[in-house]
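Q: what would the 3D arrangement of this be:
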Amino acid sequence: MRSPLIFAVCAAVLSLAACSDQHATEIKEGAKAVGSEVKTAAHDIANDPDVKEAGTAIKESTKEAGTDLKEAAGKATDAAQEAGEKAGDAAKEAGSDIKASAKKAGQETKEEVHKATR
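A: Prediction:
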């Protein structure tokens, strides 16, 4: 009685193992198929003329934007330099005016003091 029971248990275990191996094989084959499909799709996308054209357009527009940005930065630098030069010129002129006014005021004060002490 024990032998047929052991035989039945062994048969059940073997059939479960066989199902598990078969199931694992199916999953493995399915994964390979999906991987192959993904690889093919990626290759198709990489070689698609529209995708290549879009990539080229992006590169060109980025290059143009960089050129425009450099040009704008150059203009901003020139404008800032010009404004600085104008401010420097105005400061020099104001300094000269102050110096002249102070010299004139000093001369007038000196003359008044000289007149008052005569």
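
Q: contacts, neighbours, all on C-alpha from now
A: OK.

Q: of all residues in this protein, which one is nearest the centre?
A: residue 62 (11.7 Å; C-alpha atoms, centre = their mean).

Q: can you tell me how far that one sits from residue 68?
A: 10 Å (C-alpha to C-alpha, to the nearest Å).

Q: go on, residue 34?
A: As judged by C-alpha to C-alpha, residue 34 and residue 68 stand 46 Å apart.

Q: the top helix by length along the chain: how far from the chain's middle?
A: Assignment by DSSP state H gives helix 49-116 as the longest helix of the chain. Chain-centre distance of helix 49-116: 30 Å, with C-alpha atoms, centre = their mean, to the nearest Å.

Q: kindly report the same for stretch 109-118.
A: 74 Å.

Q: how about the CA coordinates for it, as PDB?
A: C-alpha atoms of stretch 109-118 as PDB (Å, rounded to 0.1, in the frame of the first residue of the first chain):
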ATOM      1  CA  THR A 109      35.800 134.800  -0.900                       C
ATOM      2  CA  LYS A 110      39.500 135.800  -1.100                       C
ATOM      3  CA  GLU A 111      38.600 139.000  -2.900                       C
ATOM      4  CA  GLU A 112      35.900 139.900  -0.300                       C
ATOM      5  CA  VAL A 113      38.200 139.200   2.600                       C
ATOM      6  CA  HIS A 114      40.900 141.300   0.900                       C
ATOM      7  CA  LYS A 115      38.300 144.200   0.400                       C
ATOM      8  CA  ALA A 116      37.100 143.900   3.900                       C
ATOM      9  CA  THR A 117      40.600 144.100   5.400                       C
ATOM     10  CA  ARG A 118      41.700 147.200   3.400                       C
END
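
Q: for it, give the mean pLDDT please.
A: Mean pLDDT, stretch 109-118: 79.

Q: got it, and stretch 67-78?
A: 88.

Q: buried residues, that stretch. List them.
A: Across stretch 67-78, burial judged by 16 or more other C-alpha atoms under 10 Å covers no residue at all.

Q: what is the neighbour count of residue 45?
A: For residue 45, the tally of surrounding residues (other C-alpha atoms under 10 Å) stands at 13.
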